[in-house]
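Chemist: Take this sequence and fold it.
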Amino acid sequence: MGNNNASPSRIFGTFFEELPEYIEYLTIGFSPTYAPLKKRWENNGLSADFIADYFRVFYVSKQETYLESVDELLVANLRDSVKYVANELLENAMKFQDESIPFRKNTACIALSLHTDKIIFSVKNSSTAQQAAIFQQYIEQLLACNPEELYVQTMRDSAKAENANHSGLGLLSMICDHAATLGWKFQPHATDPNIVTVTTMVTLDADQP
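Modeler: Residues are numbered from 1 along each chain as shown. Presented below is the predicted three-dimensional model:
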């Protein structure tokens, strides 16, 4: 039985609790029990490449169904955006996954869904309630400000800082460089209020017929 006193979930930004109808769907999960999660960062590029190529195959197929020719430049640009977003989301999920939390309680995973007019990513990881609260404060700042101005200021601050791991540059780049919309859901664990599942959702315009 779950704990009825568990805190309610919180949602920020553009977040679909139920996905719109999709054409294709892919999920990749990570539950490392042998090597520490952070040592798997070097594999993020491989996973992001796979996700981007998976997207490209089905996106091209969809274009071929409706168009006489495929817009190769559009496909290449979207593939680059898909790879960038996937890599950033995986990196953040692994970077901020609290390794003191057993993976049997939650598995870090990334999902990609291809829709007629959009591409939606979602990535999950577990954090402590304290980490989640700090991240929520940053999200509130991000949603309340001009992202372009914050992007420029963050780049300046990161150039001066020795450690920019928590700068948020990746999220800002998704918004400013890839025209993405972002959303988050924070779901406290039913029986352990110190564990919070964080789901980050990124939506890209697919410009698809």
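Chemist: Distance-wise, check the closest residue in space to F186 that isn't next to it in sequence relative to W184.
Modeler: Distance criterion Cβ to Cβ, 6 or more residues apart in numbering; nearest residue to F186, sequence neighbours excluded, is R10 at 4.6 Å. In this view, the C-beta of every residue, glycine as well, is placed from N, C-alpha and C. R10 sits 8 Å away from W184, taking Cβ to Cβ, to the nearest Å as the criterion.
Chemist: With neighbour numbers in mind, choose between the two.
Modeler: Taking other Cβ atoms under 10 Å, R10 and W184 do not tie; W184 has more neighbours (21 against 14).
Chemist: How about that one: which residues does it bridge to?
Modeler: In this entry, W184 is beta-bridged to F12, T200, by DSSP bridges.
Chemist: hang on, it packs against F16?
Modeler: No - W184 lies out of contact with F16 (Cβ atoms under 8 Å); the separation is 12.0 Å.
Chemist: Next up, identify which helix or strand the residue nearest to the spatial centre of the chain is on.
Modeler: By Cα atoms, centre = their mean, the chain has its centre lying nearest to L89, at 3.9 Å. In this assignment (DSSP states H and E), L89 forms part of helix 72-96.
Chemist: packing partners for that helix?
Modeler: With contacts taken as 3 or more Cβ pairs under 8 Å, 6 or more residues apart in numbering; DSSP states H and E, helix 72-96 sits against helix 44-66, strand 108-114, strand 118-128, helix 169-178, strand 195-205.
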